[in-house]
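A.B. asks: Need the 3D shape of this:
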Amino acid sequence: MKFELKEHHRNICESDLISDLKEVACKLNKKYVSRNEYEKNGKYSATPYIRTFGTWTNALKIAGLNIERSPKDYKRIPDEMLLDDVREVAESLFKDSISTKEYIEHGNFSVQTILARFPSWNDVLEKAKLNKTSYRVITDEELFEEIERLWRQKGEQPTTTDIKSGLSEYSLNTYSRRFGGWRKALFAFIEYIDKNTETIDNVEKGEFIETDTGQEQILLEVDKKQLKKRTRRDINLRLRFKVLQRDGFKCCACGASPAKDPSVELHVDHIIPWSKGGETVLENLQTLCSKCNLGKSDLFEE
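C.D. replies: Below is the predicted model:
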């Protein structure tokens, strides 16, 4: 199955772009809207505006908005005020160190504003007289698992706005440093999902070969027919995402989707239970919401 990213807002008409820009200005009660402010509150990114109108300033001009910041917009927040807010968040959580995610959830300023002033989050913590967070190497697979979780939670492709709003365990900077940008991170994720991996495990013993549809037993000797196929119970990231995408990120039983109801939690489950001989293959897997999955478990209980 081929997984593709959404159309990158290339066919939006000018009137829709200007209309949404005006709506954001009205919502913020401002005559000047920066690119960052628009991307946090608007439907689109700044890219289609620049592609359509040449510059962000031209887009503001056509929308009838100010093309220059007011003196109030240029007011710089003192570094000490930012550090005070970081300390206050730590105190409110009764902690001697906080993560960027915790600050996003409880702080008064954006993490991007703070990190624009300081080299790193650990530098922020040090200057705020808090303990540094322990350093841990985050693997590509951990980042892919988080993208998959966000995609499953939303029922659609996650955006930079989702990351900035704190939905992700990792910051946008983490993805950008690793892959060169959020869009490139999504491309890397899609390549990872679609990759035809065939990791040989104990081939010299003639035991197993792992594929995206599970593990198939292979034999290097003549008695191949004597071995019985049996897949693992666990569903790997690639296979789980393929099932979710095939089923449209909706429960196959009741149609519930996190895109319509954020409280919906989707699971990938065996149609014929693994304990009753069902294999961990695409054809024997389905997407169920947590409620329907619990009902199915009760149905199959002996």
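A.B. asks: contacts and neighbour counts: CA atoms only from here.
C.D. replies: Fine.
A.B. asks: Check T139 and give its pLDDT.
C.D. replies: The model reports T139 with a pLDDT of 88.
A.B. asks: Can you get me a residue count around it?
C.D. replies: Neighbour count for T139, taken as other C-alpha atoms under 10 Å: 10.
A.B. asks: what's the answer for P273, then?
C.D. replies: Counted with other C-alpha under 10 Å, P273 comes out at 17.
A.B. asks: likewise N108?
C.D. replies: By the criterion of other C-alpha under 10 Å, N108 has 12 neighbours.
A.B. asks: Please give the element, helix or strand, for the residue nearest to it when sequence neighbours are not counted.
C.D. replies: What sits nearest to N108 in space, not counting adjacent residues and going by C-alpha to C-alpha, 6 or more residues apart in numbering, is D85, at 7.0 Å. Counting by DSSP states H and E, the element that carries D85 is helix 79-92.
A.B. asks: avg pLDDT for that helix?
C.D. replies: Averaging pLDDT along helix 79-92 gives 90.
A.B. asks: Just the buried residues of it, please?
C.D. replies: Neighbour counts over helix 79-92 (16 or more other C-alpha atoms under 10 Å) mark L82, L83, D85, V86, R87, E88, V89, A90 as buried.
A.B. asks: With stretch 268-280 instead?
C.D. replies: Neighbour counts over stretch 268-280 (16+ other C-alpha under 10 Å) mark V268, D269, H270, P273, W274, G278, E279, T280 as buried.
A.B. asks: Repeat that for stretch 110-120.
C.D. replies: Across stretch 110-120, burial judged by 16+ other C-alpha under 10 Å covers V111, I114.
A.B. asks: can you give me the end-to-end distance of that stretch?
C.D. replies: Stretch 110-120 stretches 14 Å from its first residue to its last (C-alpha to C-alpha, to the nearest Å).
A.B. asks: swap in stretch 244-257?
C.D. replies: Rule used - C-alpha to C-alpha; the end-to-end distance of stretch 244-257 is 11 Å.
A.B. asks: Now for the nearest residue to N131 once chain neighbours are set aside, how many residues are close by?
C.D. replies: If you skip the residues right next to it in sequence, N131 has S97 as its closest partner in space, 5.0 Å away by C-alpha to C-alpha, 6+ apart. Counted with other C-alpha under 10 Å, the neighbours of S97 add up to 22.
A.B. asks: Now S97, what are its backbone angles?
C.D. replies: When read as degrees, to the nearest 10, the backbone of S97 gives phi -160, psi 140.
A.B. asks: just use 844 as the starting number from now, easier for me
C.D. replies: Noted, 844 is the first residue going forward, which turns the last one into S940.
A.B. asks: Contact partners for it?
C.D. replies: A933, L968, L973, N974, K975, T976 (C-alpha atoms under 8 Å, 6 or more residues apart in numbering).
A.B. asks: Okay, and which of those residues map to helices?
C.D. replies: Members of these lying in helices (criterion: DSSP state H): A933, L968.
A.B. asks: Among the contacts of S940, name the buried ones.
C.D. replies: By neighbour count, with 16+ other C-alpha under 10 Å, those hold A933, L968, L973, K975 as buried.
A.B. asks: What distance do you get for the third one to A1099?
C.D. replies: When C-alpha to C-alpha is the yardstick, L973 and A1099 sit 44 Å from each other.
A.B. asks: cool, the second one as well?
C.D. replies: L968 sits 42 Å away from A1099, going by C-alpha to C-alpha.
A.B. asks: all strands in this protein, in order from the N-terminus.
C.D. replies: Using DSSP state E, the strands of the chain run over 1042-1044, 1051-1054, 1057-1060, 1109-1113, 1128-1132.
A.B. asks: Least reliable of these by average pLDDT, please.
C.D. replies: Ranked by mean pLDDT, the strands of the chain end with strand 1042-1044 at the bottom, a mean of 36.
A.B. asks: For E969, see how far away the nearest residue to N909 once chain neighbours are set aside is.
C.D. replies: The spatially closest residue to N909, leaving aside those adjacent along the chain, is Y875, at 4.9 Å (C-alpha to C-alpha, 6+ apart). Distance, Y875 to E969, using C-alpha to C-alpha: 35 Å.
A.B. asks: that older thread, roughly how far is the helix holding D928 from the heart of the chain?
C.D. replies: With C-alpha atoms, centre = their mean, to the nearest Å as the basis, helix 922-935 stands 28 Å off its chain's centre.
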